[in-house]
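Enquirer: the sequence isn't on hand, but the structure is:
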């Protein structure tokens, strides 16, 4: 198992943050519409945005961990099945 470079780890976490921001935006659009139908003006958008923040943070952390784990995982089995005792 090789240790990935620091730049690769930073880029994996930044990609996770980007995915989380997309999830925040989509959740904000949907949750705002639904919450505004249920509650009036100051409460509805606040509940929608709070929901979007929670979803965005959760998706961000999960995506960042998944991308970092892909960097750290060992190579596939097919890459390690190379015979070493070949007669010359």
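Expert: Thanks, I have the structure now. Keep in mind that what you see is a predicted model, and the values were worked out from it rather than measured.

Enquirer: now do the contacts for residue 38.
Expert: residue 44 (Cβ atoms under 8 Å, 6 or more residues apart in numbering). Backbone N, C-alpha and C define where each C-beta goes, glycine included.

Enquirer: who touches stretch 45-63?
Expert: Counting by Cβ under 8 Å, 6+ apart, 15-17, 19-21, 23-25, 27-28, 31-36, 39 sit against stretch 45-63.

Enquirer: got a quick ChimeraX command for the buried subset of these?
Expert: Those of the contacts of stretch 45-63 that count as buried under 16 or more other Cβ atoms under 10 Å are selected in ChimeraX with:
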select :15,16,17,19,20,23,24,27,28,31,32,35
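
Enquirer: the contacts of stretch 45-63 in strands, which ones?
Expert: Nothing among the contacts of stretch 45-63 maps onto strands, per DSSP state E.

Enquirer: so, low pLDDT: which residues of the chain?
Expert: 1-2, 4, 74-88 (pLDDT under 70).

Enquirer: where is the longest helix in it?
Expert: helix 6-38 (DSSP state H).

Enquirer: please state the offset of that one from the chain centre?
Expert: 9 Å (Cα atoms, centre = their mean, to the nearest Å).

Enquirer: centre-most residue in the protein?
Expert: Residue closest to the average C-alpha location in the chain (Cα atoms, centre = their mean): residue 63, at 1.6 Å.

Enquirer: how much space between that one and residue 34?
Expert: Residue 63 sits 24 Å away from residue 34, taking Cβ to Cβ, to the nearest Å as the criterion.

Enquirer: one step back: next secondary structure element downstream of the longest helix of the chain?
Expert: Going down the chain from helix 6-38, the next helix or strand is helix 43-72, by DSSP states H and E.
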